[in-house]
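[1] take this sequence and fold it.
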Amino acid sequence: MEGSVNNDVIYCNRCGAPMKKNQRYCMKCGNLNYDHPDNRSMRAYATGTVTEGGQQQPYVVGENNLNLAIGNEAVRGEVLADKAGKRKTCFLVNVLLFLISVVILTVVMFSFTKDFAALFADPVYNVVLLMLTFIFFYFLAMQFLYMKANRPWWSFFVPIYGQWIQYEISMGSGIYFLLSFIPIVGTIISLVSTYQLGKKFGKSGWLTLFFGFIMIPAIAFGSNVAYEGIIYIPKDVSQAQVNGEKTSENTYKLNRQILLLFGIFALWGIAGLVLGNLDSIVSGFSSMQTNSYLEQTEAILESAITDISESSYTCDTGESIHTSGRIFYVYFVEGDYFKNDKIKKSSFNGEALNGFVIIDNTNIRPVYSISITDGENGFIELSEYDLESMDSVDKVSSVSPPQDAILCVSN
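    You can find the predicted model right below:
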């Protein structure tokens, strides 16, 4: 016996909200109840109502002829979940187990650190705390999902029996669980079971398969989620409360408590990780900025070398930029181009990069160097060879060539 149908409740065929049979319209979306005596004259003008063979059919409570689409399933009615147990009992048991786990973790870790400040900043402690938080949240979601299928929530904790129930929910028979022990076949059956789990609740099977960590809580804590077309109401939601607004209110209240509890512990773990590793985070961010600045400097110098070797430049002495035995300087500022590569802003402070490239033709082959700054950080006459070994950026507020420097510009 699956349970007793609540004959006082129907469902809005627009938004799916539960409502009393004698209500004229849905309190959630305003959709008219055309079975109400005062609204029957308007049925002929309604669209999207239940049809059968082209004829509009009224919903008769208890006869399972309500064609309300929620996801891919049609909701046939509301049934009291006589096997599922109570949501609050399930919640309290899981909270107790979760808090016991957190206490054990804290005691064990404190025995090593002997210091609460060091404990709460310990990355191992915070990572394990986060893992416990998400694991217990997922476990609770699975138990709520069991209850939405009118299966006992506590069966989740029973080895083998819990898995049997899960396959019973998703595949229609727990016997499929035995196939999961067969190599290869077991993997396939497990994937099919997860896919079917979403389909049974009117959700996408593919999303459930690939994003189960999101879809399982969405099913478990979602409102008006039907299992095979039936919405099961937990025992602790009394018949007097099942009038639409109060049912949703009680459900949402418990869901908020769940999210608040696990949200607090998740934020605790994240905050501990951030604060405990603040120096490393700052150092890592600074290292990223430094590497980016070095890459910018290297890119400018490489583009300048290519551009100078392939393009025509005019120097203020009238000499060619390739004249041997001389040193030439080429200015650049943000927005300039070397070989079609635009010079960008600094990765440190977002300010404009400017400076000059030095072409030293006093050797057998030209040696290129660069002086660059963003007003705070930079280099002075850093050669192309030294640039490869740099791992830091100097403090340089400005750069300028010597007074007798030979300046060159691109034609």
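[2] go ahead and confirm Gly355 touches Ser369.
    No - between Gly355 and Ser369 no contact is recorded; they are 10.4 Å apart, counting by CB atoms under 8 Å. Where you see a C-beta, it was placed from the backbone N, CA and C, and this is true even at glycine.
[3] mind giving me the domain ranges of the chain?
    Segmentation of the chain into domains, based on automatic domain parsing, reads 9-77, 87-276, 287-410.
[4] just put these in JSON lines and tack on mean pLDDT.
    Supplementary listing: those in JSON lines, determined by pLDDT from 0 to 100:
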{"stretch": "domain 9-77", "mean pLDDT": "56"}
{"stretch": "domain 87-276", "mean pLDDT": "87"}
{"stretch": "domain 287-410", "mean pLDDT": "87"}
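[5] in CSV: these, plus mean neighbour count.
    As requested, these are arranged in CSV below (neighbours: other CB atoms under 10 Å):
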stretch, mean neighbour count
domain 9-77, 15
domain 87-276, 17
domain 287-410, 16
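[6] which strands or helices does whichever helix or strand Gly284 is part of pack on?
    Gly284 is located in helix 278-310, with elements delineated by DSSP states H and E. Where contact means 3 or more CB pairs under 8 Å, 6 or more residues apart in numbering; DSSP states H and E, helix 278-310 is packed against strand 327-333, strand 337-338, strand 341-342, strand 354-360, strand 367-373, strand 377-383, helix 384-387.
[7] out of these, the one nearest Val399 is which?
    Put simply, out of these the one that sits nearest Val399 is strand 367-373, at 4.1 Å, with distance taken as CB to CB.
[8] can you name the residues in contact with the closest one?
    By CB atoms under 8 Å, 6 or more residues apart in numbering, the list of residues contacting strand 367-373 from outside reads 297, 300-301, 304-305, 353-360, 378-384, 387, 396-399, 401.
[9] go again using 6 Å as the cut-off
    Taking CB atoms under 6 Å, 6 or more residues apart in numbering as the criterion, the residues outside strand 367-373 that touch it are 297, 301, 305, 355-358, 360, 378-384, 396, 399.
[10] just to revisit the earlier point, determine which of the helices and strands packed on helix 278-310 approaches Thr113 most closely.
    Of all these, it is strand 377-383 that lies closest to Thr113, at 38.7 Å by CB to CB.
[11] what about Glu388, distance to Glu302?
    Glu388 sits 11 Å away from Glu302 when distances are taken as CB to CB, to the nearest Å.
[12] so Asp391: helix, strand or coil?
    Judged by DSSP: H, G, I helix; E, B strand; the rest coil, the three-state class of Asp391 is coil.
[13] moving C-terminal of the helix holding Gly284, what's the next helix or strand?
    Taking DSSP H and E as the definition, the helix or strand right after helix 278-310 is strand 313-315.
[14] which strands and helices sit next to that following strand?
    The elements that strand 313-315 packs onto, with contact taken as 3 or more CB pairs under 6 Å, 6 or more residues apart in numbering; DSSP states H and E, are strand 406-410.
[15] which other helices and strands contact the strand it packs on?
    In terms of contact count using 3+ CB pairs under 6 Å, 6+ apart, strand 406-410 is assigned the packing partners strand 313-315, strand 327-333.
[16] right, so of those strands, which gets closest to Ile219?
    Once CB to CB is applied to these, the stretch that comes out nearest is strand 327-333, at 58.4 Å.
[17] can you tell me what sits against that closest one?
    Surrounding strand 327-333, the residues in contact under the criterion CB under 6 Å, 6+ apart are 315, 321, 343, 354, 356-360, 401, 405-408.
[18] could you pull out the strands for the stretch 101-250 of the chain?
    230-233 (DSSP state E, counting those that start in this stretch).
[19] quick one: the residue sitting nearest the centre point of the chain and Ser101, what's the gap?
    Per CA atoms, centre = their mean, the C-alpha nearest to the average position across the chain is that of Ile214, at 8.9 Å. In this structure, Ile214 lies at 23 Å from Ser101, with CB to CB as the measure.
[20] Leu407 now?
    When CB to CB is the yardstick, Leu407 and Ser101 sit 71 Å from each other.
[21] using TSV, lay out the helices and strands packed on helix 278-310 together with distance to Lys86.
    Output for the helices and strands packed on helix 278-310, formatted as TSV (distance: least, CB to CB, whole Å):
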stretch	distance to Lys86
strand 327-333	72
strand 337-338	71
strand 341-342	66
strand 354-360	71
strand 367-373	69
strand 377-383	63
helix 384-387	69
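[22] out of these, the one nearest Lys114 is which?
    It is, among the helices and strands packed on helix 278-310 and with distance given as CB to CB, strand 377-383, at 42.4 Å.
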